[in-house]
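J.: The sequence isn't on hand, but the structure is:
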Ligand SMILES: Cc1ncc(COP(=O)(O)O)c(C=O)c1O
């Protein structure tokens, strides 16, 4: 950082920006994916599922090859491709037999689907709070909301940090609960040598464009349980039509959906998996560089990594030091002004922003207690009071402490990160101007 940069007038007050050029976009698609897609196009068969008792009930060649590759990479007995993580969460909850009257413990700090999926089966999401430093569900908070109706926990490896699987498995065993791991943000993360995706009973990845690897839209479920795998496959492909011919006797939640992934998406998802390790290595490298450049920057604490874990750094969640009496929101606005305009993600509040997404219980569906249908709405009868600050740690993180950024994606070069660090330092040196 040069003194001339830090002494210049802040961009938010009309001075020159530290950087005007856009940052390199997060692009992971290349020649391999193009060739794979062409192969599918040449075959003329863009999806090859059948809704009858036939090997193609499990999809076409590309879907099955993709699933085999994912199962083998993760060391899972089963990988099942679906058309999104959201549909994967629904299939997972259906597979474990969730129904009306059941309660499912969820986090208040995630993309909304992590908490709303139980509603599709008429079950009630019950919010627990998160760990203040790791951001995943807090085991103590989980225990505090268990009732006789609790059947499962949907737990998110938030920002790429694996959840506290040892503690939460012990709770689940004690109360006979299933664990659905939403690992949308953590492909390749590990805990004590075990890969995220296999830390619960069913793991669900996302392959939407924003993720480490993607195929446009898509999801992959992992499980080592043969029965759950079969039930997921049924829910994915109109279960009701095939249960008799397939000799399925447990009809609970066997009204299925079309959650099928196409051959094109599967071909891309297969290619992308081969890139995961090198993309992760780059992310970790960028994190290390950013953290080394920010060492000594007293206003931000870099993210902790759980003991025994490797982090996948979907984003890089830092904590704002409130003791320094500088307003986080005003400060980050000034840093944003120093950098090139962000597109799209910034509007969603992710590239560099204060907090992540609003506590889920503050969304209109929860506030107004309206979700599914006119009567027996699981939100109308939920015992939690969504109008209060249900999860104080989530509220504190979102409204006061968390600063989340994506300047650690593999497309970022060291010189790009230098600009970000310079922007932080320039604003910090002139922070007194922000109060004026
Ligand atoms: C933690 C988490 N869960 C669920 C989802 C939903 O994934 P999809 O868009 O594949 O349905 C996302 C996507 O942003 C996510 O980050």
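T.: Sure, I can see it. Here the structure is a predicted model, which is why all the values come from computation and not from measurement.
J.: going forward, measure contacts and count neighbours with C-alpha atoms only.
T.: Fine.
J.: ok, residue 28 - contacts?
T.: Residues near residue 28 by C-alpha atoms under 8 Å, 6 or more residues apart in numbering: 213, 214, 272.
J.: Show me the shaky parts of the protein.
T.: 1-6, 341-350, 436 (pLDDT under 70).
J.: Figure out how far the longest strand along it is from the centre of its chain.
T.: Secondary structure of the chain read by DSSP state E shows that its longest strand is strand 150-156. Distance, stretch centre to chain centre, for strand 150-156: 15 Å (C-alpha atoms, centre = their mean, to the nearest Å).
J.: What is the burial count for residue 171?
T.: Look at residue 171: counted by other C-alpha atoms under 10 Å, it has 17 neighbours.
J.: coming back round to it: could you identify the helix or strand that succeeds the longest strand of the chain?
T.: Sequence order places helix 165-175 as the next helix or strand after strand 150-156, per DSSP states H and E.
J.: Only the buried residues of that next one, if you could.
T.: 165, 168, 169, 171, 172, 175 (16 or more other C-alpha atoms under 10 Å).
J.: likewise stretch 157-165?
T.: 157, 158, 159, 160, 161, 162, 163, 164, 165.
J.: returning to that earlier point: with respect to the ligand, which of the buried residues of helix 165-175 is nearest?
T.: residue 165 (16.6 Å; C-alpha to the nearest ligand atom).
J.: Apart from its chain neighbours, what residue comes closest to the closest one?
T.: Excluding the flanking residues, the one nearest residue 165 by C-alpha to C-alpha, 6 or more residues apart in numbering is residue 199, at 6.1 Å.
J.: Can you report how many residues neighbour the one you found?
T.: Count around residue 199 with other C-alpha under 10 Å applied: 23.
J.: let's number from 121 now, not from 1
T.: With 121 as the first residue, the last one maps to residue 319.
J.: circling back: can you put the contacts of residue 148 in CSV and add distance to the ligand and neighbour count?
T.: Below are these laid out as CSV (distance: C-alpha to the nearest ligand atom, whole Å; neighbours: other C-alpha atoms under 10 Å):
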residue, distance to the ligand, neighbour count
333, 11, 25
334, 9, 23
392, 15, 23
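J.: So what sits opposite the closest residue to the ligand within the stretch 221-370 of the chain in the bridge?
T.: Nearest to the ligand in the stretch 221-370 of the chain, going by C-alpha to the nearest ligand atom, is residue 326, at a distance of 4.1 Å. Per DSSP bridges, residues listed as beta-bridge partners of residue 326: residue 339.
J.: thought it was touching residue 202?
T.: No - if you go by C-alpha atoms under 8 Å, residue 326 and residue 202 don't touch, sitting 9.3 Å apart.
J.: overlap in contacts of the two?
T.: Shared contacts of residue 326 and residue 202 (C-alpha under 8 Å, 6+ apart): 338, 339, 340.
J.: So which residues on the protein come close to the ligand?
T.: 204-206, 230-231, 233-234, 276, 302, 304-305, 326-328, 338-339 (C-alpha under 6 Å from any ligand atom).
J.: just so I have it, where are all the strands in the stretch 371-520 of the chain?
T.: Along the stretch 371-520 of the chain, the segments classed as strands by DSSP state E, counting those that start in this stretch run 420-421, 429-430, 436-440, 472-474.
J.: is it possible to export these to CSV including mean neighbour count?
T.: Formatted as CSV, the strands of the stretch 371-520 of the chain follow (neighbours: other C-alpha atoms under 10 Å):
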stretch, mean neighbour count
strand 420-421, 18
strand 429-430, 20
strand 436-440, 24
strand 472-474, 24
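J.: can you tell which of the ones you listed is closest to residue 540?
T.: Smallest distance to residue 540 across the strands of the stretch 371-520 of the chain (C-alpha to C-alpha): 10.0 Å, for strand 472-474.
J.: other SSEs contacting the closest one?
T.: helix 448-458, strand 522-525 (3 or more C-alpha pairs under 8 Å, 6 or more residues apart in numbering; DSSP states H and E).
J.: Given it, what are its sheet partners and their directions?
T.: Partners of strand 472-474 in the sheet, by DSSP bridges, are strand 522-525 (antiparallel).
J.: wait, what's in contact with the residue lying closest to residue 233 once chain neighbours are set aside?
T.: Leaving aside its chain neighbours, residue 233 sits nearest to residue 206 (5.9 Å; criterion: C-alpha to C-alpha, 6+ apart). For residue 206, the contacting residues are 233, 234, 237, 339, by C-alpha under 8 Å, 6+ apart.
J.: thinking residue 235 is in contact with residue 276, fair?
T.: No - contact between residue 235 and residue 276 fails when scored by C-alpha under 8 Å: they sit 9.8 Å apart.
J.: Can you check which residues contact both of the two?
T.: residue 227.
J.: roughly how far apart are the residue nearest to residue 233 and residue 422?
T.: 30 Å (C-alpha to C-alpha, to the nearest Å).
J.: what do you get for residue 270?
T.: Taking C-alpha to C-alpha as the criterion, residue 270 is separated from residue 422 by 35 Å.
J.: Looking at those two, which has the bigger crowd around it?
T.: residue 270 (22 against 19).
J.: relative to strand 436-440, how tilted is the longest helix along the chain?
T.: In the chain, taking DSSP state H as the definition, the longest helix is helix 383-413. Here helix 383-413 runs at an angle of 40 degrees relative to strand 436-440 (axes from the mean of the first three to the mean of the last three C-alpha atoms, to 10 degrees).
J.: tell me what helix 383-413 is packed against?
T.: Counting by 3+ C-alpha pairs under 8 Å, 6+ apart, helix 383-413 packs on helix 151-163, helix 181-194, helix 534-549.
J.: Residue 235 and residue 276 - which one has more neighbours?
T.: Ranked by neighbour count (other C-alpha under 10 Å), residue 235 and residue 276 place residue 276 first, with 29 against 26.
J.: quick one on the thing from earlier: which strands and helices lie in contact with the longest strand of the chain?
T.: Short answer (3+ C-alpha pairs under 8 Å, 6+ apart): strand 270-276 packs on strand 223-227, helix 233-236, strand 298-302.
J.: if we look at that strand, which residues are touching it?
T.: Against strand 270-276 from outside (C-alpha under 8 Å, 6+ apart): 218, 222-227, 230, 234-235, 256-257, 282-283, 292, 296-304.
J.: Using just helix, strand and coil, how would you label residue 199?
T.: What DSSP: H, G, I helix; E, B strand; the rest coil gives for residue 199 is strand.
J.: Okay, and the closest residue to it other than its chain neighbours sits in which element?
T.: Spatially, and ignoring its direct neighbours in sequence, residue 199 is nearest to residue 342 (4.6 Å; C-alpha to C-alpha, 6+ apart). Residue 342 is part of strand 339-343 when elements are defined by DSSP H and E.
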